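> Here is a sequence together with a model predicted from it:
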Amino acid sequence: MDIFLSNQVLIFLFSETILYILAFVAFAGTVQILRNWNFNATTAKQYMLEKRAFLIVTIILFTLILKIVLLPYFAYTIDKLSVLIPGAMCAAGVISANAYGNPLLFLKILILFFTGIWLIINKYDQTAIDYPYFKTKFHFYLFIFALLTAEYILDILYFAHISTSDIVQCCSAIFGISGNNPIPFNLTVPLLLVIFYLLYLLIILLSLQKNAALLFIVSLLFLYIGYESVVHFFGTYIYQIPTHKCPFCMLQKEYYYVGYLLWGTLFAGVFFGIANFVLKLLISSAQGSRADEPRLNSPDQIPIDDTRLYRLAILFNTIFVILCTAYVLTYYLRNGVWL
């Protein structure tokens, strides 16, 4: 119960509860709209559904945008709990305090990506003439709501099963300072860095070529390699200690909270890198389902390859790479040696 007396946990769970209630209201409204919607009807019932749809979309927008804000607050919350958990030095020990932590963190990141996709589809739908993605975005929201339900259950289970008496592993043990967490595929640090920068250059090239399918694959690879590169190399320059390989400690005040910017730019860059491919799949499905419906605009007017998303992928990935590289170069210029 000590965990639930934490101000951060109370605020977090209260916020999650309010947002889940709103998400459930939107879910119920979405089901009703999908069952009765007829865009070509001019009845009073259809008019009422259109007004209700506007309200439901507003609720979904509000809920999903706040869910994005809550992810860094979740990281902040578990980091603050480290003072209550024996053995924990940062969020690494807290998130590993029970079997629910890591799946919960993965699910939150996954929901973040799907939320971004929904927001883009909704923007496309509202700027078109005849709402071509109306049903697509509502069906997609049903999928997101299922994930939100699983996330809310995991939130409760995770915090309810954190013990303030059991000793957990610190980040030194979890992330391999003792040598039990080698670089994946037995890569050396130089080879890991070569792959890191080659994938970054490939992302720029594929973005300029607007090759959504290959960019999707490369972006996911860059997410994995970028994470490993920070843990095994770039992060040590942030901490200025060659044996400190933790992805969570950089979220703390001692390191000017740079972890939020670092991981935020990586996730944003990867999201915008994969977005066009995912949108093409969803939009192709929407066009297929509306093949027999009258349209007020032709399919080639519908944005299925948004240049802005490619540019944002380049922008955020570049910021991430520059930030990582800057820490290394700054350390070398100040000290004249490498770690």
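Perfect, I can see it now. Residues are numbered from 1 along each chain as shown.

> Show me where the stretch 101-250 of the chain has its helices.
101-127, 134-160, 171-174, 189-209, 212-229, 235-239 (DSSP state H, counting those that start in this stretch).

> Mean pLDDT for the ones you listed - can I get that in CSV?
Listed next are the helices of the stretch 101-250 of the chain as CSV, based on pLDDT from 0 to 100:
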stretch, mean pLDDT
helix 101-127, 95
helix 134-160, 96
helix 171-174, 82
helix 189-209, 97
helix 212-229, 97
helix 235-239, 96
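
> what's the closest of the ones you listed to Lys67?
helix 101-127 (6.1 Å; CB to CB). Every residue, glycine included, has its C-beta placed from N, CA and C.

> So for stretch 31-38, mean pLDDT?
Computed over stretch 31-38, the mean pLDDT rounds to 89.

> contacting residues around that stretch?
Applying CB atoms under 8 Å, 6 or more residues apart in numbering, the external contacts of stretch 31-38 come out as 45-46, 49, 52-53, 56, 134-135, 138-139, 142.

> Let me have the helices of the stretch 101-250 of the chain in JSON lines, adding distance to Ala313 and mean neighbour count as columns.
Formatted as JSON lines, the helices of the stretch 101-250 of the chain follow (distance: least, CB to CB, whole Å; neighbours: other CB atoms under 10 Å):
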{"stretch": "helix 101-127", "distance to Ala313": "12", "mean neighbour count": "17"}
{"stretch": "helix 134-160", "distance to Ala313": "21", "mean neighbour count": "18"}
{"stretch": "helix 171-174", "distance to Ala313": "30", "mean neighbour count": "19"}
{"stretch": "helix 189-209", "distance to Ala313": "5", "mean neighbour count": "16"}
{"stretch": "helix 212-229", "distance to Ala313": "7", "mean neighbour count": "19"}
{"stretch": "helix 235-239", "distance to Ala313": "23", "mean neighbour count": "21"}
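
> Ile314 is nearest to which of those?
Among those, helix 189-209 sits nearest to Ile314 (CB to CB), with 5.1 Å.

> packing partners for the closest one?
Contact partners of helix 189-209 among helices and strands, from 3 or more CB pairs under 8 Å, 6 or more residues apart in numbering; DSSP states H and E: helix 212-229, helix 258-289, helix 307-335.

> Apply 7 Å and report the result again.
Where contact means 3 or more CB pairs under 7 Å, 6 or more residues apart in numbering; DSSP states H and E, helix 189-209 is packed against helix 212-229, helix 307-335.

> can you give me the angle the last one makes with helix 101-127?
Orientation check (axes from the mean of the first three to the mean of the last three CA atoms, to 10 degrees): helix 307-335 against helix 101-127 gives 140 degrees.

> Okay, buried residues for helix 307-335 please.
309-310, 312-314, 316-317, 319-321, 323-324, 327-328, 331 (16 or more other CB atoms under 10 Å).

> re earlier: now the helices of the stretch 101-250 of the chain in JSON lines, with distance to Asp2?
Putting those into JSON lines (distance: least, CB to CB, whole Å) gives the following:
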{"stretch": "helix 101-127", "distance to Asp2": "17"}
{"stretch": "helix 134-160", "distance to Asp2": "11"}
{"stretch": "helix 171-174", "distance to Asp2": "22"}
{"stretch": "helix 189-209", "distance to Asp2": "40"}
{"stretch": "helix 212-229", "distance to Asp2": "32"}
{"stretch": "helix 235-239", "distance to Asp2": "29"}
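
> Compare the ones you listed and give me the one nearest Asn40.
helix 134-160 (12.3 Å).

> now the closest one, how far from the centre of its chain.
With CA atoms, centre = their mean, to the nearest Å as the basis, helix 134-160 stands 14 Å off its chain's centre.

> Show me what the helix or strand hosting Ala75 is packed up against.
If you go by DSSP states H and E, Ala75 is part of helix 44-80. When contacts are defined as 3+ CB pairs under 7 Å, 6+ apart, helix 44-80 packs onto helix 7-36, helix 91-95, helix 101-127.

> Now do the buried residues in it.
Buried residues in helix 44-80, counted by 16+ other CB under 10 Å: 49, 53, 56-57, 59-60, 63-64, 67, 70-71, 74-80.
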